[in-house]
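Trainee: What would the 3D arrangement of this be:
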Amino acid sequence: MFFQTKILQAQQPIFKHLTIELGLPSNMVYDCFQDSKGFMWFATDAGISKYNGQTFVNFTISDGLKDNENFQIREDSQGRIWFLSFNGGICYFQNGIIHNLDQKLREQNVKFNSTLVAFFEDSKKNIWLSSVIGFLCIKPDMSVSYFPQKSSVLKFWEEKGHVYFFTREGVHILNDNLKDYSIILQLSFSYQDIIKFHTSAISPNLDDTFFYGGYKINIKTGEVQEYFQKKERSLLRYCQTDDSQIWIGTSTGAYVMQKNKPFSFQKAILAKEAVTCIRKDRDNGFWFTTLNNGVFYTPSIEANKYTTQDGLLQNHISCITSDKNQNIWIGYHQFKISRFNNEKISHYDLHTPQYNYNTIHRINKMLNMGDSIWVLTDQTIINFKETKGVLVQYSDYQINARGFAITKDTLWVGGHRGVLFQNKTKKDFTLYSSYRVFSVSGSSNGTIWFSTHKGLHKLQNKKEKDFSQNPNLNVRISDILVDRNQQVWVATLGKGLVLLNNKDSVVNVWQEKHGLNSNIVKRIFLEQKNNTLWAITNKSVYKIENKKLEEVYALPIGYLNDVHVTNDTIWLASSEGLIKMPKREKSNYKKVVYLTDVWVNNQKIDFQNRPIQLSANQNNLRIGFTHVSFVDTDFYYRYKLKSNQKEWSYTNSNMIELSSLPPDEYQISIQVASSKNIEDTPITQFQFVIKPHFWQETWFFLLVGLLMTAGIGLIWHIKYRVAYQKMMLKGKIADLELRTLRAQMNPHFIFNILNTIQTFFLQQNIKAANKLLSQFSRLVRYVLDNTSQNFTPLQQEIEQLRNYIELEKSRFEFETEMIVEASLQTQNVQVPSMLIQPVVENAIIHGLSPKKENKKLLICFSQENQQIKIIIEDNGVGRKHKSNPSNHISRGLKLIEERLSFLNLHYHNQSKMVFHDLTDKDGNALGTKVEIYI
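Mentor: Numbering: from 1, shown residues only. As a prediction, the model looks like this:
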């Protein structure tokens, strides 16, 4: 089935819509203006707004404006931004501050309180401002001259050093002294002449003519022509975008007027909006402000979006291609295709009586080969020729076709059934591989490239090569193309773009860190004539030329599905229609970082007043900055503190915080990186000095030197006192050693052991007596050997502790468990000798012995935070038991505490002994736990 429709002329550019929801102070916008730094300014009824492409900064009377309602914004040669207000208040923005002329006007007794109409700066840097009651001249020294007028000065201009202005009475010229003026062209416009066009809008000069309301005026001849017929629309604004083009904003959209070409109100941009201003920015983007619906921005006025209103069958387009006549072929999510040119669109239904697949929902891909369009669907493959319709419909294999290639005499198809091929001399397909295939491409040398869930594969001379070992090629691949140099371009769904050379080696990878805004690349297109690759992600279009990646467009649409390039036009298949975009050169304007504010110790400073000298305590800084980018919204910043610093720091924030900076000279360097790719962008620098503390000054070091010299005598004087204290300390050590030796062998313990040995002998238990006697002798030998030693290996201490416990078990019945951490090197660790035994003895005698049954003793050795931790835990009667009166302090334990205190003093340790009384939930004693840290 075939039918044809004419393409409508209602297609509109692709707009980004800015409203109060995104940050504008009001949807009623009167004017827009781009300043010399690239920022866009908007005049609204609720204040002024400054826009950098990502965020708005809004100003009201609270910030210094003379009125919230402003009609125009202009910039002078000094970078001052002037606001033309409703109430006539005069103010301008400079270096982050809004200044006003109130004081100057009062000094010269000038009352200027009516709506500002026009702004002009002449070659001598005089500023001219007009209102409905007269006009002002503000000279470079800020002195003000006032010229009263009965009717408004609507515009100023300059020719050959003379300043002219226009009112309803005609054209006037100012005298050289700028104190008087005279009329040189008499005109007479009545109020009724103007209001019949619903406006007093006036255009810039276009050669010797300009427009006033609906009239065209020649300022040389005085000829007045009623150029526009009265229509049901208001002429709101004339805006000149270049030397040969004036835009007209009306109540029914915006229209363009070309120089020396007839004009008619036919094709409107934003026909449903009252357009108040049209501006072309330095990147050739267009801005349209409206009276009630905010701001509309398009990166290219020549970019059009075609939808069902223009004749398409669906807005959701899955794929596109072109034929030899540069017609664009469109595939939908249904079994129909369309052929499109600038004048008409033709539709074709691919269903045939023989093969009527009602289940076909999507056309996956289309390719132009010779006189045929090959259509790959989710059911079959179709060879379509416009003059003959469906030539071949391959249905023996129902296949969700994703890729297609022809090499010599063989047709290759990839889909969910795998890779199939068919020789031209045969009718049937042969299954080569049963893996699900996502893309197929062929090269002129007969090589087939295809992708599966395992990644990229190559088939050449009946030999298959698998690239799944390459981490950039073992993911799902959306598209494959081979260029004229037999290089293979691979678009992946997760690893970005990959380029293989003709030797199958990966030579380039482009990912987010290299410039893409997403590693999911949906489709690619190759211009063979110049080997330029085009790629799309969900919302962005990229170009790779000479292996350099550039983001061409970032589009405010749903998402992109396919890309195709013909001559100077980029065609995009999207979820919202067919998009036509012109190729454009990369912007000549570099992305410059601008400082917005600097805070020192939470106090805002004037960073324009340089050099900045800070005291040593003023070392906490917060630096705010921004840059302008209306197309590329994926970027980040890098910065470093000093120019000779090699390493950069990276941030996504437009503010950096620097805390506790040491005294030094700093030169902060900040650079913007577009799309996560460092471009040749300027580096913005900010210098400041933090002065040192007084004790870091040279004079202070000299003073300290003198004091140190004077102190040397004092040091020699007190060294004898230090020696005396050391002698006293040694005496204390000797005393502690003596007391320790005396306490090491408890007389009661010795008596009880000997008595136990005697009992064994009397009972004729010679074996037990000998064993106990041997253990006792080893203990005595250990005590004697370590009398002169302050430290002993932990391994020996543990062995003798086991020996001691065995001796005590001969007297008392209790269970014991000793745990030594495996990682603890007991042979290499030195501990104070006989330090642990008194604690164990205390646990046995005072803790376990009064208990009747189920007596347990636990000893653990471990390492914790570079210290040896020893735990002695019993389940005895506890320290509060009546057998252990509260005022009883074991002499052995007291000596241990004194030894630990000495160790801390002498070796600067943190040794300690900690007691824990173990209880149940009712407070009943469950035993005692002692922790010793050495």
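Trainee: Could you use CA atoms for every contact and neighbour count after this?
Mentor: OK.
Trainee: helix/strand/coil for Asn770?
Mentor: Three-state call for Asn770 (DSSP: H, G, I helix; E, B strand; the rest coil): helix.
Trainee: how deep is it tucked in, by neighbour count?
Mentor: 14 (other Cα atoms under 10 Å).
Trainee: now do Asn602
Mentor: 11.
Trainee: Please apply the same query to Ser145.
Mentor: 16.
Trainee: dump the residue contacts of it.
Mentor: 136-138, 179 (Cα atoms under 8 Å, 6 or more residues apart in numbering).
Trainee: one more time with 6 Å
Mentor: 136-137 (Cα atoms under 6 Å, 6 or more residues apart in numbering).
Trainee: for it, which residues make a bridge with it?
Mentor: When bridges are called by DSSP bridges, Ser145 pairs up with Cys137.
Trainee: Identify all contacting residues around stretch 575-584.
Mentor: If you take Cα under 6 Å, 6+ apart as the criterion, stretch 575-584 is touched by 303-307, 315-316, 558-559, 568-572.
Trainee: er, stretch 366-373 actually
Mentor: Contact with stretch 366-373 is made by 323, 374-375, 384-385, as judged by Cα under 6 Å, 6+ apart.
Trainee: quick one: buried residues of that stretch?
Mentor: 366-368, 372-373 (16 or more other Cα atoms under 10 Å).
Trainee: Kindly report the same for stretch 314-328.
Mentor: Residues of stretch 314-328 classed as buried: 314-323, 327-328 (neighbour count, 16+ other Cα under 10 Å).
Trainee: Let's test this: mean pLDDT of it, rounded?
Mentor: Per-region confidence: stretch 314-328 scores 91 on mean pLDDT.
Trainee: Just the CA coordinates for that stretch, please, in PDB.
Mentor: Output of stretch 314-328 as PDB, limited to C-alpha atoms (Å, rounded to 0.1, in the frame of the first residue of the first chain):
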ATOM      1  CA  GLN A 314       4.400   8.000  14.300                       C
ATOM      2  CA  ASN A 315       6.500  10.300  16.500                       C
ATOM      3  CA  HIS A 316       8.600   7.300  17.700                       C
ATOM      4  CA  ILE A 317      11.100   6.600  15.000                       C
ATOM      5  CA  SER A 318      13.400   3.600  15.400                       C
ATOM      6  CA  CYS A 319      15.800   4.000  12.400                       C
ATOM      7  CA  ILE A 320      16.700   6.100   9.400                       C
ATOM      8  CA  THR A 321      18.700   5.900   6.200                       C
ATOM      9  CA  SER A 322      19.000   7.800   2.900                       C
ATOM     10  CA  ASP A 323      19.100   6.800  -0.800                       C
ATOM     11  CA  LYS A 324      21.200   8.100  -3.700                       C
ATOM     12  CA  ASN A 325      18.800  11.000  -4.200                       C
ATOM     13  CA  GLN A 326      19.300  12.200  -0.600                       C
ATOM     14  CA  ASN A 327      15.800  11.200   0.400                       C
ATOM     15  CA  ILE A 328      15.400  10.200   4.000                       C
END
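Trainee: quick one: the helices in the stretch 51-200 of the chain?
Mentor: Secondary structure of the stretch 51-200 of the chain (DSSP state H, counting those that start in this stretch): helices at 102-107, 191-195.
Trainee: same question, the chain
Mentor: In the chain, the helices defined using DSSP state H lie at 102-107, 191-195, 698-744, 747-762, 766-785, 794-809, 837-842, 891-907.
Trainee: How far off centre is the first one?
Mentor: By that I understand helix 102-107. Here helix 102-107 shows a centroid-to-chain-centroid distance of 47 Å under the convention Cα atoms, centre = their mean, to the nearest Å.
Trainee: What is the burial count for the closest residue to Lys590 other than its chain neighbours?
Mentor: Excluding its sequence neighbours, the residue lying closest to Lys590 (Cα to Cα, 6 or more residues apart in numbering) is Thr681, at 5.6 Å. Number of residues near Thr681 (other Cα under 10 Å) recorded here: 15.
Trainee: picking that back up, looking at the buried residues of stretch 366-373, which gets the smallest pLDDT?
Mentor: At the low end of pLDDT for the buried residues of stretch 366-373 is Ser372, which has 82.
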